[in-house]
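In: Any chance you could fold what I've pasted below:
(one chain, ligands or ions: 2)
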Amino acid sequence: MPHFCDAIACCPCLYDDETKSKRKVHQRITDEIEKAKKLARREIKLLLLGTEEAGKSTVIKQMRIIHGKESQDGKSLAKWVQSVREDVSRVHSHSPEGTWRNWTFRWRDRGNQEHATRVMDAARKHYDASAVPEVFRAIAALWQDEGIRECYRRRAEFRFIYLSDSSGQRSERRKWIHCFEKVNAMIFVASLSDFDQELLDKTANNYEDRTVNRMEESLALFNVVIQDRFLQNASIILLLNKTDIFQEKLQERHLADYFPDYAHFQPESQPAPGPKKDPQTAGQYVLSKYMAINDCHAAGKFASSSMEKDEQFMFAHFTCATDTKNIKLITKAVEDRLLQEALIDFNLALV
Ligand SMILES: Nc1nc2c(ncn2[C@@H]2O[C@H](COP(=O)(O)OP(=O)(O)OP(=O)(O)O)[C@@H](O)[C@H]2O)c(=O)[nH]1
Ligand SMILES: [Mg+2]
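Out: Ligands and ions are numbered 1, 2, ... in the order given. As a prediction, this is how the structure comes out:
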């Protein structure tokens, strides 16, 4: 039973004309905002791009978990465990062989040779679920071997481990990029940990002898897609991913050995240029490389659009895609930003 005053307040027939008209306007604005929000939500099209193994699928998986699309019941977890196991088997099946071809590898425990053979055999055969526990025991034993650990630490030296078809993909990019008409935003995933890795450049003459740095490869892809006419009005969301591996690698490797101009990179707050073992400054340096590409093409975009010069085209986040909490925060920031931009398009910016 409503209170007497509430009943009066809710009864429009008791309002004077001015109040009625104000309420009408208010209601119309509220309806418009709701409509615009629904429309914006329904129509936002995202394109996810990045070079091979940058973390695109992992970002999507996390988003599915965050939005409850990925059930975490026993059956689904078993599926994930299985997928992780297959991944680990795949990675380990490369390591010992690579080591033998390129480097004098020494087992700390010679008994582990048998375990290595077991893993390699399993990798060559069709996947056999019943063999998985045994293969996993072998992998666990191998991982205890200091020789394998050293091999892992020096993994960037084994060029062929990273041999992939992605540079073949590169020559085809101009064909497939046009499939993405009218996207509102592009999420570009770039792996920070690529700075010390190479892949064979299959587009080069005598490609057997030519390698390309994987971070350069990612910058080159970014440079191509950002100029695509279908993405001219899209917001660019840059995810600088694998912060955890980046941090770990920088303890042993100097970014300037791979990107010499890092030696001169000195943000305002930094007492000296190009510091070693400093993921913050190194991360800022990588970000600056992407920003430079974006800024270079943004000038053209400003000239051909009605946008103001101070409007930002790109926003960037440092991410660890395997960390659900981190991706949850980033997803929220991205969603807020995209909604805000959609509302600006409707002249309904939130203040
Ligand atoms: N440690 C760590 N591993 C990551 C991170 N992001 C992705 N990975 C791992 O990197 C590998 C490649 O990630 P994916 O998500 O499959 O990469 P992708 O971009 O979808 O790769 P393709 O589909 O081959 O182009 C997987 O083993 C992921 O678990 C991260 O932030 N930290
Ligand atoms: Mg993928």
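In: buried set for whichever strand or helix holds residue 133?
Out: Using DSSP states H and E, residue 133 sits in helix 132-143. By 16 or more other CB atoms under 10 Å, the buried positions in helix 132-143 come out as 132, 135, 136, 138, 139, 141, 142. Glycine gets a C-beta too; all of them are placed from N, C-alpha and C.
In: Who are the packing partners of that helix?
Out: helix 74-102, helix 112-124 (3 or more CB pairs under 8 Å, 6 or more residues apart in numbering; DSSP states H and E).
In: Is ligand 1 within reach of whichever helix or strand comes after that helix?
Out: Counting by DSSP H and E, the element after helix 132-143 in chain order, helix or strand, is helix 146-153. No - contact between helix 146-153 and ligand 1 is absent, the nearest approach being 12.8 Å (criterion: CB under 6 Å from any ligand atom).
In: Enumerate the positions of helix 146-153 that are buried.
Out: Quick answer for helix 146-153 (16+ other CB under 10 Å): 147, 148, 151.
In: returning to what we had before: of the helices and strands packed on helix 132-143, which shows the lowest average pLDDT?
Out: Lowest mean pLDDT within these: helix 74-102, at a mean of 55.
In: What parts of the protein come near ligand 2?
Out: Taking CB under 5 Å from the ion as the contact definition, the chain meets ligand 2 at 56, 57.
In: what residues does the chain put near ligand 1?
Out: Within the chain, the residues that sit near ligand 1 (CB under 6 Å from any ligand atom) are 50, 52-58, 87, 241-242, 244-245, 320-322.
In: quick check, nearest of those residues to residue 225?
Out: Residue 225 lies nearest to residue 50 out of these, by CB to CB, at 9.7 Å.
In: ok now do the closest residue to ligand 2 within the stretch 1-150 of the chain, which residues does it touch?
Out: Distance from ligand 2 to each residue of the stretch 1-150 of the chain (CB to the ion) is smallest for residue 57, at 3.2 Å. Counting by CB atoms under 8 Å, 6 or more residues apart in numbering, residue 57 touches no other residue.
In: measure it to residue 51 for me?
Out: From residue 57 over to residue 51 the distance is 13 Å, taken as CB to CB, to the nearest Å.
In: any weak-confidence spans in the stretch 201-350 of the chain?
Out: Applying pLDDT under 70 to the stretch 201-350 of the chain flags the ranges 201-210, 299-313, 342, 345-350.
In: Can you show me the helices along the stretch 201-350 of the chain?
Out: Along the stretch 201-350 of the chain, the segments classed as helices by DSSP state H, counting those that start in this stretch run 214-226, 243-250, 279-303, 324-345.
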